[in-house]
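A.B. asks: coords please:
(one chain, ligands or ions: 1)
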Amino acid sequence: MTSQPALPSASEITDLRSLARALALEAGAMIRGGRPDQVRVAATKSTEVDPVTEMDRASEELLRRRLAARRPDDAVLGEEGDDVPGTSGLTWVLDPIDGTVNYLYGVASYAVSVAVVAGAPDPATWTPLAGAVHSVVDGATWTAARGQGADKDGRELRVREAPSLATSLVGTGFGYEAARRAQQAQVLAQVLPKVRDIRRLGAAAIDLCLLAEGSLDLYYERGLNSWDVAAGGLVAVEAGAALTGLHGAPATNLMTVAGSPARQAELVALLEAAHADRPA
Ligand code: LIP
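C.D. replies: Down below sits the predicted model:
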């Protein structure tokens, strides 16, 4: 049985939180200042509606450059670039623009997400240590550190507990493949009548932070990548949210469900009854 390397100290984790915040703010300022009037798609990924822009790439290059200088022994996993191995046992998990479609269209919900985890960068097994989500358009910044709480621009956060599932405002999102979206629409048809309303804002990292601040009561999404969830998930958990998958599993690409513990358990049960993780 290989022993897990010791986690960084509380003060080291505090420093990692400060670095994540500084990097997210710097990349956000570059994105904000450099957005052309007409954003072009540089390439597409999983489908023709899964775009990457030059700014996604420029943001990740900036983040990687800074990390190579500040944290050369740490590994890096980013949405737009190759994995970089490390020797420290820590991995930085980067989403240079979460909400790329919103950025492309000029819809004001996109963010830079920077997190650092201990262990392999696998949401099923990692230990999130620190993270920052910086909303590019309005400049709001959420941060969190393991065991040290979560904040929005310095204000401590606690999740809201809606009195019932029926009065809960629920965030969600949809994938890029048509078959997956058809299946997600069937699940949504079973969720929508049972909750207050749905919000599809287009950036998981911001959705999870809105949950942490009480602007959403619940959030679920299937098909998220590790970089979508790494920072926002820590913000939500450090604000008191339960964050899991279905059937007792941790939150992974299969399903991410977050919210105050009582309501989150009810949403998990509803999603399980709707077979929300059934293959599309
Ligand atoms: C996005 C997520 C969003 C999801 C979108 C997309 P990206 O990430 O933040 O929640 O619904 O389909 O995956 O691709 O903009 O980094």
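
A.B. asks: what does this structure have sitting close to the ligand?
C.D. replies: Counting by C-beta under 6 Å from any ligand atom, the residues of the chain close to the ligand are 79, 95, 98-100, 173-176, 202-204, 221, 228. Heads up, the C-betas are built off the backbone N, CA and C, glycines and all.

A.B. asks: Quick one: mean pLDDT for the helix or strand hosting Pro96?
C.D. replies: Using DSSP states H and E, Pro96 falls within strand 90-98. Averaging pLDDT along strand 90-98 gives 98.

A.B. asks: So which of the residues of the chain next to the ligand sit within strands?
C.D. replies: Secondary structure assignment by DSSP state E places 95, 98, 221 of the residues of the chain next to the ligand in strands.

A.B. asks: how near is the first one to Gly131?
C.D. replies: According to C-beta to C-beta, to the nearest Å, Asp95 and Gly131 sit 11 Å apart.

A.B. asks: Give me the common contacts of the two.
C.D. replies: Listed as contacting both Asp95 and Gly131 by C-beta atoms under 8 Å, 6 or more residues apart in numbering are 113, 230-231.

A.B. asks: With just CA atoms, put the lowest-mean-pLDDT helix or strand in the chain into PDB.
C.D. replies: Every helix and strand in the chain was compared by mean pLDDT, DSSP states H and E; the lowest is strand 41-44, with a mean of 85. Listed next in PDB are the C-alpha coordinates belonging to strand 41-44 (Å, rounded to 0.1, in the frame of the first residue of the first chain):
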ATOM      1  CA  VAL A  41     -13.200  30.300 -33.200                       C
ATOM      2  CA  ALA A  42      -9.600  29.100 -33.500                       C
ATOM      3  CA  ALA A  43     -10.600  25.400 -33.500                       C
ATOM      4  CA  THR A  44     -13.300  23.000 -32.300                       C
END
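
A.B. asks: That strand pairs with which strands?
C.D. replies: Sheet pairing of strand 41-44 (DSSP bridges) gives strand 51-53 (antiparallel).

A.B. asks: Which residues lie in contact with the nearest residue to Gly214 once chain neighbours are set aside in this structure?
C.D. replies: Spatially, and ignoring its direct neighbours in sequence, Gly214 is nearest to Arg160 (3.6 Å; C-beta to C-beta, 6 or more residues apart in numbering). Counting by C-beta under 8 Å, 6+ apart, Arg160 makes contact with 214, 217, 260.

A.B. asks: Once you drop chain neighbours, what's closest to the last one?
C.D. replies: Okay, so that is Ser260. Using C-beta to C-beta, 6+ apart and skipping residues adjacent in sequence, the residue nearest Ser260 is Glu161, 3.9 Å away.
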